[in-house]
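[1] sequence first, then the predicted structure:
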Amino acid sequence: MNKYIVEFIGTFFLVFVIGNVVLGGEAIGPLGAAAIGATLIVMIFAGGHISGAHYNPAVTLAVTLRGKCDMIDVVPYIISQCLAGVAGAFVAMQVRGGAAAEMLDLSSAQTSVLIVECLMTFALCYVILNVATAEGTAGNSFYGLAIGLTVFAGAVGVGGISGGAFNPAVALALCVMKKAAWPDIWMYLVPQLVAGALAAVVFRITNGEDEED
């Protein structure tokens, strides 16, 4: 089950960033492709030691035919990836407006800020925990790059929606600099702190009991 959760998370964030780049259009600009690539890089760094970091049914098929993926995992991998793709697209539509937002009646800018700050703070904490604290990635030399690229991908993909804080200290700074209103600071602090706690829970689940020390 751990592997399937990791495949879902990695595929979700890849599709979510792709969706924001595509739906954001000119507002994202030429850095969109770099943000997509950065997302794939960091999710591979974060999940490779658990699931192999496929995040793509075609990759799962290729790895299986190569003999490096158990047959019992093929269908669950593909199901996880496809469900994540649909979820990522749906959430991207929500924060960028469109059919999903109209369906849920959650088209306000406030809701979009809450969603993107929660998701990208989760991604940041998830990556940090996996590349800087997991036994499976101990001694790696890429943890700083992975963490930095996560922030880069979030800033490019959804920075235009929330300012790209993903950090309570940055949220405070945005208010000090008058780039966000003090009465709105809860829209940053609440989802960020919830996301951090959720990332820790997911890390415990996906990395097993040996990560508790």
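    Here it is on my side, so go on.

[2] what about the strands in the protein?
    Shown for the chain, no strands are assigned by DSSP state E.

[3] have a look at it and report its longest helix.
    Using DSSP state H to define each element, the chain has its longest helix at helix 71-96.

[4] and that one, how far out from the chain middle?
    Counting by Cα atoms, centre = their mean, to the nearest Å, helix 71-96 is centred 13 Å from the centre of its parent chain.

[5] what packs against that helix?
    Applying 3 or more Cβ pairs under 8 Å, 6 or more residues apart in numbering; DSSP states H and E, we find helix 71-96 packed against helix 2-24, helix 57-66, helix 99-104, helix 109-132. C-beta: built from backbone N, CA, C; applies to glycine.

[6] try it again with 10 Å
    Secondary-structure packing of helix 71-96 (3 or more Cβ pairs under 10 Å, 6 or more residues apart in numbering; DSSP states H and E): helix 2-24, helix 32-51, helix 57-66, helix 99-104, helix 109-132, helix 143-162.

[7] I'd like to know which of those helices lies nearest to residue 203.
    Relative to residue 203, the nearest member of those by Cβ to Cβ is helix 109-132, separated by 4.3 Å.

[8] can you lay out the helices and strands packed on helix 71-96 as JSON lines showing distance to residue 188 and mean pLDDT?
    Supplementary listing: the helices and strands packed on helix 71-96 in JSON lines, determined by distance: least, Cβ to Cβ, whole Å; pLDDT from 0 to 100:
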{"stretch": "helix 2-24", "distance to residue 188": "18", "mean pLDDT": "95"}
{"stretch": "helix 32-51", "distance to residue 188": "21", "mean pLDDT": "94"}
{"stretch": "helix 57-66", "distance to residue 188": "35", "mean pLDDT": "95"}
{"stretch": "helix 99-104", "distance to residue 188": "21", "mean pLDDT": "41"}
{"stretch": "helix 109-132", "distance to residue 188": "6", "mean pLDDT": "94"}
{"stretch": "helix 143-162", "distance to residue 188": "7", "mean pLDDT": "93"}
